[in-house]
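Chemist: Need a 3D model of the sequence below.
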Amino acid sequence: MADQAEPARDAAEAAEAPPPPPREIDDLAALKTLAHPRRGRIMRHLTGRGPATSAGLARALGLNTGATSYHLRELARHGFVEEISPDGAHGRERWWRAVRADLRFPPRSRQTPDMRAALDEMNRLSFAADIEAFVRYRHDTPADDPWADAAPYSRGTVHVTVDELAEFFEEFIALTNRYKRDPDTLPPGVRLVRTRFLAFPDPDPGATHRPGPDHEDPAATRD
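Modeler: Here you go, the predicted model:
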């Protein structure tokens, strides 16, 4: 029996669905839910692998089934996952999927100390998971695999105002949304690719007016 499934939907209608509107998470309980290590692992699994049962998640993540069910209910309580009824489900199986969302968080100037602590922990866990996944991909992918060179990487600098940086970010989100597809409309040869964006002002106040060379040529960005 499969541990993952997708409910039947009209592919054309799903493909035309607009991206969800931004949702700001400013509730401390919701932030703490996302900052929980096991719940973060569950969210990453559902987002990357698709719907699953609590038993399937427990096996995949090495967790206790009862605890996994509890974590799923907590995630659902804050609207991060939802229960579904996919085709082919058996008996009393309960299937869950990540809710499609554009999650945003309050700017640091509006965060309370408790909110800041939760978000810092969530980011710490997320960055660590990203690095672990990248290292594993590089280690496990044979050199002759067509995807072996599929890790474009760029370190660059831009000179922008605060407002322009916000516009830059929204353009990145819009570009990412262009390549989001419904599972029923995936063409042959596709593979889940993780995309990450991080931009921050240079901490050195003197490094603001002299643009230097960026590492953006293909030879420098393919490793």
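Chemist: Mean confidence (pLDDT) on the helix of greatest length in the chain, please.
Modeler: For the chain, the helix with the greatest residue count under DSSP state H is helix 113-140. In this model, helix 113-140 carries a mean pLDDT of 94.
Chemist: hey, where'd the strands end up in the chain?
Modeler: Here the chain has its strands, by DSSP state E, at 22-24, 52-53, 81-84, 95-98, 102-104.
Chemist: Point out the most buried one among those.
Modeler: strand 52-53 (a mean of 24; mean count of other CB atoms under 10 Å). For every residue, glycine as well, the C-beta is placed using N, CA and C.
Chemist: other SSEs contacting it?
Modeler: Under the contact definition 3 or more CB pairs under 8 Å, 6 or more residues apart in numbering; DSSP states H and E, strand 52-53 sits against strand 95-98.
Chemist: try 7 Å this time
Modeler: Identification of packing neighbours for strand 52-53 by 3 or more CB pairs under 7 Å, 6 or more residues apart in numbering; DSSP states H and E yields no helix or strand.
Chemist: could you give the mean pLDDT of it?
Modeler: Mean predicted lDDT for strand 52-53 stands at 93.
Chemist: gap between that strand and the chain center?
Modeler: Its chain's C-alpha centre and that of strand 52-53 lie 18 Å apart, by CA atoms, centre = their mean, to the nearest Å.
Chemist: Tell me which residues touch Arg194, please.
Modeler: Contact partners of Arg194, counting by CB atoms under 7 Å, 6 or more residues apart in numbering, are Ala133.
Chemist: How much space separates it from Ser54?
Modeler: 24 Å (CB to CB, to the nearest Å).
Chemist: Over to Thr65?
Modeler: Counting by CB to CB - Thr65 and Ser54 are separated by 6 Å.
Chemist: looking at it, Glu74 is touching Thr33, isn't it?
Modeler: Yes: using CB atoms under 7 Å, Glu74 is in contact with Thr33, at 5.6 Å.
Chemist: what do the two both touch?
Modeler: In contact with both Glu74 and Thr33: Arg39, using CB under 7 Å, 6+ apart.
Chemist: Same drill for those two, tell me which one is more crowded.
Modeler: Thr33 (21 against 18; other CB atoms under 10 Å).
Chemist: The more buried one contacts His78, correct?
Modeler: Yes: assessed by CB under 7 Å, Thr33 is found in contact with His78 at 5.3 Å.
Chemist: Would you map the helices across this structure?
Modeler: Shown for the chain, the helices assigned by DSSP H span residues 11-15, 28-35, 37-49, 54-61, 65-77, 113-140, 162-178, 218-221.
Chemist: For Pro203, which of those is the nearest?
Modeler: Among those, the nearest to Pro203 by CB to CB is helix 162-178 (15.3 Å).
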